[in-house]
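Enquirer: A structural model of the following input is requested.
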Amino acid sequence: MRRVDLADGAIAGAVGSTALNVVGFLDIALRARPASSTPEQTVGRLADIAHVNLGSEPRAATRRSGLGPLIGYGLGIAAGVAFAVYAGGRRQSLPLSTAVLGTGVMAMTDGSITALGISNPRTWGRSDWVSDIIPHLAYGLTAAATWNRLRRPSARHR
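Expert: Model (predicted):
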C-alpha cells in the first residue's frame, strides 16, 4: 500500500464527510427540524469513559459542540483510509463502493451510539431513518467518486 493511496483515501473520506454534513444541514433547513444532539452526547460519554474533564459548564458544553463534529470528520476520514486499503489503490465500481462506504460509515456511527447507550436505532421511525440514510449515501457517493477521480485512468482510457 502506497502512502499516496492512504492520503487519497483520507481526502476521499474528508470530501464524503463534507457532503454528509451539507446534506444533513440542508435537511435541517428544509424540514425545520432541530439539529441532533448525538455528536455532543457521544463526546460527553467518551469523555466520561476516558475520565477526561471537559471543564465546568458552559465551557464543557462548548467543547462538546466543537468536538462532536470533529469526531464525525475523524470517523469519515478513517473510513476513507480503510477503503483505500480495501481498494488496493485501484478504481472501484461506483455503485458498489458507494454502498460499501455509505453503509460502512453508517454502521460505525449507529453502532457507536448504540454501544454507548445514546440511541437505539431499533426504536427509530421512518423520518429518523431517512435523516440517517440519505446523508450517509451522500458520504458514500462523494467519497467513492473522489477516490475514483484521484486514481489514474487505466491504459485503455488514455
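Enquirer: what sits against the residue nearest the centre of the chain?
Expert: The centroid of the chain falls nearest to residue 76 when counting by Cα atoms, centre = their mean (3.8 Å). If a contact means Cβ atoms under 8 Å, 6 or more residues apart in numbering, then residue 76 has 13-14, 16-17, 20, 105, 139, 143 as its contacts. Where you see a C-beta, it was placed from the backbone N, CA and C, and this is true even at glycine.
Enquirer: kindly recompute the last result at 7 Å.
Expert: For residue 76, the contact set (Cβ atoms under 7 Å, 6 or more residues apart in numbering) comprises 13-14, 16-17, 20, 105, 139.
Enquirer: just the pLDDT at it, thanks.
Expert: pLDDT, residue 76: 98.
Enquirer: helix, strand or coil for it?
Expert: helix (DSSP: H, G, I helix; E, B strand; the rest coil).
Enquirer: pick out the most distant pair among the contacts of residue 76.
Expert: Largest separation among the contacts of residue 76 by Cβ to Cβ: 14 and 105, giving 12.5 Å.
Enquirer: of these two, give the one with the bigger neighbour count.
Expert: The neighbour comparison of residue 14 against residue 105 (other Cβ atoms under 10 Å) goes to residue 105, with 27 against 18.
Enquirer: measure the more buried one to residue 40 for me?
Expert: Counting by Cβ to Cβ, to the nearest Å, the gap from residue 105 to residue 40 is 19 Å.
Enquirer: got the CA positions of stretch 29-37 in CSV?
Expert: Output of stretch 29-37 as CSV, limited to C-alpha atoms (Å, rounded to 0.1, in the frame of the first residue of the first chain):
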residue,chain,number,x,y,z
ALA,A,29,-33.1,23.8,6.9
LEU,A,30,-35.7,22.3,4.6
ARG,A,31,-37.7,20.4,7.2
ALA,A,32,-37.0,22.9,10.0
ARG,A,33,-36.0,20.0,12.3
PRO,A,34,-33.7,20.6,15.2
ALA,A,35,-30.1,19.6,14.9
SER,A,36,-29.1,16.3,16.5
SER,A,37,-27.5,16.3,19.9
